[in-house]
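Asker: Need a 3D model of the following:
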Amino acid sequence: GPFMMTSLQHNSTTDVQLLQQALQVSNGDLAEAVAFLTEKNAKVPQQDEATYYQTTQVGNDRYISVGSQADTNVIDLTGDDKDDLQRAIALSLEESSRAFRETGITDEEQAISRVLEASIAENKASLKRTHTEVWSDSPNPHDRKRMENCPVGLKNVGNTCWFSAVIQSLFNLLEFQRLVLYYSPPARVQDLPRNQKEHRNLPFMQELRNLFSLMVGSKRKYVDPSRAVEILKDAFKSSESQQQDVSEFTHKLLDWLEDAFQMKAEEDREGEKPKNPMVELFYGRFQAVGVLEGKKFENTEMFGQYPLQVNGFKDLHECLEAAMIEGEIESLHSSAENSAKSGQEHWFTELPPVLTFELSRFEFNQALGRPEKIHNKLEFPSMLYMDRYMDRNREITRIKREEIRRLKEQLTLLQQRLERYLSYGSGPKRFPLADVLQYAMEFASSKPVCTSPLEDIDTSAPPGAEQGPSCTLPEGLSPTPTQAPSTQQRVPIHKPFTQSRLPPDLPMHPAPRHITEEELRVLEGCLHRWRSEVENDTHDLQGSISRIHRTIELMYSDKSMMQVPFRLHAVLVHEGQANAGHYWAYIYDPHQQRWMKYNDISVTKSSWEELVRDSFGGYRNASAYCLMYINDKKPFLIEEEFDKETGQMLSGLDKLPSDLKAYVKEDNGLFDKEIEEWDTLQARKAQLALCWFMCLCLCVVPPGPQQDPEYMEQPSPTDDSKHLQEDTERAISKAAAKKQEERSPEGLLTAAIKVEYTRLLRFAQEDTAPENDYRLQHVIVYFIHNQAPKKILERTLLMQFADRNLSFDERSSSFMNLWPLHFSQMWHQDYRNFRETTIFLMIGLELFQKKCFVEALMYLIYSYQYNRELLVKGLYRGHNDELIGHYRRECLLKLNENAAGMFESGEEPEVCNGLSIMNELVVPCIPLLLVHDTEKDLLAVEDMRNRWCSYLGQEMEPNLQEKLTDFLPKLLDCSTEIKSFHDPPKLPTYSTLELVERYGRVMASLSRVPADGR
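Answerer: Sure thing, here's the model as predicted:
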């Protein structure tokens, strides 16, 4: 109250102008004015998990442009402009043509441009789906509020989606997360001057700790990594491609972390060799065994991220096999020392707990003079067994590799033989041999249509000249009538793409001119035998090929070669081309046992199927460029931490050391303050707008009741609103008459609301007959009966005075939605349900009194069902259920009686109509009577069944006996399952006055009202 008036008194000139503008825009409609002033930001969105992070605004283009400024002539393919689409296609073809003239690129390479037109629609959808470049924050902090237990995203602060993908993958390694969070800088660094490495690495470690702590305990759905990125940004100035940026970043990140932990390890060591946890997590060793210019060598090397070539391989094992062998290695297994061949094998002696593979998907195209991305499909497993690459399995792996090599040689030979069967012929066109023999058999067995393919065509005749058939046509076809020569007439042209059938005078296929039955018999026998032999040979070859494939696949499946399991932890994906693209990550959540997609600020549930589609390659332009596997036998990598005293799993701020806990609490406090200020601002805007319009409505109230207020003259759209407007005006007039001393709009409004509430409370306290139900006259009476919260009553009355319209139309609903108190909508929805139930009951009773039992049944059925749902919430939420149950029961008994009378008539139409009523109306309703197990309903069901069972001992026509036998099992079914039911009837719209009048009339006319009814 006072706050509203104070807001008005201290309102600035700008606010007054804004309110005047709102008044003009809304044309006097308060709901529209409040929406205009608050810009619909006061409503807190209710988000589900699937759309949790999809609420920010996009500032820039999705693709990152590396090393160049954005093109000013960019075509936006994410919009719906067809002209842009056509321009893109035209420019693509033009560029292709120009590239051919300048560089001599062949037609095959120009075909890429033509593919653009076919795939542009799908690419547009993809662009819209993953449009996630530099984000601008939503002004509403509720849009940026984290849902409980949801992972925190990272804001893209300018071409840094690669940072988000890598950091999220590392953060979700809980052991790495703990190492970073509990890192403390060496004590000596505090006093000594820092060298260049310390000056860079230690501040970065602190910013990484701060970032990780926010990702653990922040109340924000995404956090800003700008400070950590700022320290890193100087490391990315010389890169030629974007993937090099990411690879370089990952290498530098691990190097910096290694240096930072090394300083701490050296300080903490006590005479022992310092252990660096970064090295122990991410670095392994392999043995290089080889021959260099005929001399054997063997040495041990350390590795971090292991690079793999993608081009030419179909899966990860093929890439690894190729990477483990370099050059010609036959001499490795021989004793010859004088061989000039060189080559080497790699054998892992120690694998890191976190095994990372870099997939090289870029190569330089000499013809185009630029790097190109390799979009080939490369499969990788969710569980990778590394046994075959371990040094301890060197000898058994060599044996298996030799066996696989031998099997592949056999496979090549078999495939070559199979190809001869499947691509038969000596010319450029080849066909399956079995089909060739089949075609030859079909040709030989075809009957000749004419003696020559040219005999029935006069090749010398000019177009339009007379032509007549000169061969015997097949049976059933008549020759085309001869037509007189005419210069206007043309010979019909056969159009194979627009004409669905061949001209009638064209033979269906060629055929031999002369063949005897003996020749045909011998030829058919040979061709059939040869075709069977070819098919058997083909089947045998295919079977052998399948068996060899299976043998190769199972070569490493024995238990001895499945002792080093690595589970896929994260997949880093790149979408785009060599010089532009977008990055995101799929990370496995072992506790929820599902994949999650981390796409900058967006963190959503995903699946293995979506990962495969986006990561394997060959689909759009997206593919994995980095795979992170973790040792499945070292659960500490992903295990949560537990409290040593309580045994409870640590979560949120409890996972943080004291300094970071204070840091996160401070940031959360700032965010809470931002939300509080936002809510206060929106509440002030709403109150200010409401108070302003109250003044516009109320400040012109006259000193006495003899004059009509100006707003009473406004037209009313419905009888309901007119009725409520009269009530409102009456309350305002009474309040104005009592408040001569205090003429402020606020005081007048408060007094008027009290007058109206007193009137409605008196109605609610009256003990009335069922035909005078005041709950139908005003929603406030319904709310009072059901003990609605005070806030609901106040809000509803305020709506009546502000909008003068409590009819439940879209305009009132939109106004009500502006308020953040969501349960007020639940109360109003209950009242709508009460009115609908009343209408169902009213119409059902009216039809029952007119003996229209078929039409009345559904209204009574649904009124009973909906009424029971209301009564579950409270005794006064609905009507008397015994009253409705009585007329529902009586209606079914009447229908049963009528149907039985029709059956007894014996007349075919009457019998069918009677059984139809029973099957379609009565029988489906019986479970409704049985489900609540009330005595009167059970007796009614028993009466109906007894009536029909009484016919069993009577003599009747065989057809009636058959119909009765078919019908009785349905009637006697004791199941309470509702198998099929009619949709509820569509209700007409009634004003409150009309509904009250009709309902009162029908209730007063009832011949039976239960004694305990209201």
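
Asker: does V781 count as helix, strand or coil?
Answerer: Using DSSP: H, G, I helix; E, B strand; the rest coil, the secondary structure recorded for V781 is helix.

Asker: Tell me who's in contact with it.
Answerer: Residues near V781 by Cβ atoms under 8 Å, 6 or more residues apart in numbering: L760, F763, A764, Y774, R775. For glycine as for every other residue, the C-beta is placed from the backbone atoms N, C-alpha and C.

Asker: Equivalent analysis for R420, please.
Answerer: With contacts defined as Cβ under 8 Å, 6+ apart, R420 is in contact with L433.

Asker: State the helix or strand in which it lies.
Answerer: Using DSSP states H and E, the element containing R420 is helix 394-422.

Asker: Please identify the buried residues of the helix or strand just after that helix?
Answerer: Using DSSP H and E, the helix or strand that follows helix 394-422 in sequence is helix 433-444. Of all the residues in helix 433-444, those buried under the rule 16 or more other Cβ atoms under 10 Å are L433, A434, V436, L437, Q438, A440, M441.

Asker: try stretch 544-554
Answerer: For stretch 544-554, a neighbour-count test (16+ other Cβ under 10 Å) marks S544, I545, I548 as buried.

Asker: and of those, the nearest to V216?
Answerer: Closest approach between the buried residues of stretch 544-554 and V216, by Cβ to Cβ: I548, at 52.2 Å.

Asker: quick check, the closest one in a helix?
Answerer: Yes: the assignment for I548, made by three-state DSSP, places it in a helix.

Asker: show me the residues around it that make contact.
Answerer: I548 makes contact with L407, Q410, L411, L414 under the criterion Cβ under 8 Å, 6+ apart.

Asker: same question, F848
Answerer: Contacts for F848 were tallied using Cβ under 8 Å, 6+ apart; they are A856, L860, Y887, E890, C891.

Asker: element containing it?
Answerer: Secondary structure from DSSP H and E places F848 in helix 823-849.

Asker: Compute the mean per-residue pLDDT across that helix, please.
Answerer: Taken as a whole, helix 823-849 has an average pLDDT of 88.

Asker: Ok, stretch 986-1005 next?
Answerer: Mean pLDDT, computed over stretch 986-1005, is 88.

Asker: which stretches of the stretch 251-400 of the chain form strands?
Answerer: With DSSP state E, counting those that start in this stretch as the definition, the stretch 251-400 of the chain shows strands at residue ranges 284-292, 295-303, 306-309, 325-327, 343-350, 354-360, 362-365, 370-373, 383-385.

Asker: Now the last one: buried residues?
Answerer: Neighbour-count burial for strand 383-385, with 16+ other Cβ under 10 Å as criterion, is recorded at L384, Y385.

Asker: Can you list the helices and strands that it packs against?
Answerer: In this structure, strand 383-385 packs against strand 565-577, with contacts taken as 3 or more Cβ pairs under 8 Å, 6 or more residues apart in numbering; DSSP states H and E.

Asker: partner strands of the strand it packs on, parallel or antiparallel?
Answerer: According to DSSP bridges, strand 565-577 has the following sheet partners: strand 383-385 (antiparallel), strand 580-589 (antiparallel), strand 622-631 (antiparallel).

Asker: Now do it and strand 354-360, the angle between them.
Answerer: In this structure, strand 565-577 runs at an angle of 30 degrees to strand 354-360, with axes from the mean of the first three to the mean of the last three Cα atoms, to 10 degrees as the basis.

Asker: CA-only coordinates of strand 565-577 in PDB, if you can.
Answerer: Taking C-alpha atoms only, strand 565-577 is exported to PDB below (Å, rounded to 0.1, in the frame of the first residue of the first chain):
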ATOM      1  CA  PRO A 565      40.600 -52.300 -20.500                       C
ATOM      2  CA  PHE A 566      40.200 -48.600 -21.200                       C
ATOM      3  CA  ARG A 567      36.800 -47.000 -21.100                       C
ATOM      4  CA  LEU A 568      35.900 -44.000 -23.200                       C
ATOM      5  CA  HIS A 569      35.600 -41.000 -21.000                       C
ATOM      6  CA  ALA A 570      35.300 -38.000 -23.400                       C
ATOM      7  CA  VAL A 571      35.100 -37.300 -27.100                       C
ATOM      8  CA  LEU A 572      36.000 -33.800 -28.300                       C
ATOM      9  CA  VAL A 573      34.200 -33.000 -31.600                       C
ATOM     10  CA  HIS A 574      34.900 -30.500 -34.300                       C
ATOM     11  CA  GLU A 575      32.300 -29.300 -36.800                       C
ATOM     12  CA  GLY A 576      33.300 -27.200 -39.800                       C
ATOM     13  CA  GLN A 577      36.300 -26.900 -42.100                       C
END
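
Asker: Go through it and flag the buried ones.
Answerer: F566, R567, L568, H569, A570, V571, L572, V573, H574, E575, G576, Q577.

Asker: can those go into a markdown table with extra columns for distance to N276 and pLDDT?
Answerer: Shown next, in a markdown table, are those (distance: Cβ to Cβ, whole Å; pLDDT from 0 to 100):
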| residue | distance to N276 | pLDDT |
| --- | --- | --- |
| F566 | 22 | 96 |
| R567 | 24 | 96 |
| L568 | 26 | 96 |
| H569 | 21 | 96 |
| A570 | 22 | 95 |
| V571 | 27 | 95 |
| L572 | 24 | 92 |
| V573 | 30 | 90 |
| H574 | 30 | 87 |
| E575 | 35 | 84 |
| G576 | 36 | 79 |
| Q577 | 38 | 77 |
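
Asker: out of the strands of the stretch 251-400 of the chain, deepest packed?
Answerer: Among the strands of the stretch 251-400 of the chain, the stretch with the highest mean neighbour count (mean count of other Cβ atoms under 10 Å) is strand 354-360, at a mean of 21.

Asker: Now do that one: which elements does it pack against?
Answerer: Applying 3+ Cβ pairs under 8 Å, 6+ apart, we find strand 354-360 packed against helix 242-268, helix 277-282, strand 306-309, helix 316-324, strand 622-631.

Asker: got the ones you listed as CSV, with distance to F204 and mean pLDDT columns?
Answerer: As requested, those are exported to CSV (distance: least, Cβ to Cβ, whole Å; pLDDT from 0 to 100):
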stretch, distance to F204, mean pLDDT
helix 242-268, 6, 72
helix 277-282, 13, 90
strand 306-309, 25, 90
helix 316-324, 32, 91
strand 622-631, 21, 92
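
Asker: Export these as a markdown table, with columns for distance to Q829.
Answerer: A markdown table is the format used below for these (distance: least, Cβ to Cβ, whole Å):
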| stretch | distance to Q829 |
| --- | --- |
| helix 242-268 | 52 |
| helix 277-282 | 56 |
| strand 306-309 | 59 |
| helix 316-324 | 55 |
| strand 622-631 | 45 |
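
Asker: Could you say which of the ones you listed is packed most deeply?
Answerer: Mean neighbours per residue, mean count of other Cβ under 10 Å, is largest over the helices and strands packed on strand 354-360 for strand 622-631, with a mean of 23.

Asker: Just the C-alpha atoms of it, please, in CSV.
Answerer: The C-alpha coordinates for strand 622-631 follow below in CSV (Å, rounded to 0.1, in the frame of the first residue of the first chain):
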residue,chain,number,x,y,z
ALA,A,622,31.3,-33.1,-37.6
SER,A,623,33.8,-35.6,-36.4
ALA,A,624,35.9,-36.4,-33.3
TYR,A,625,39.4,-34.9,-33.2
CYS,A,626,40.4,-36.2,-29.7
LEU,A,627,39.5,-39.3,-27.7
MET,A,628,40.1,-39.6,-24.0
TYR,A,629,40.1,-43.1,-22.5
ILE,A,630,40.6,-43.9,-18.8
ASN,A,631,41.9,-47.1,-17.3
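
Asker: can you state the direction angle for that strand and helix 316-324?
Answerer: Using the same axes, to 10 degrees, one finds that strand 622-631 and helix 316-324 are set 80 degrees apart in direction.

Asker: correct me, but A322 touches F313?
Answerer: Yes: A contact is recorded between A322 and F313 when judged using Cβ atoms under 8 Å, the distance being 6.6 Å.
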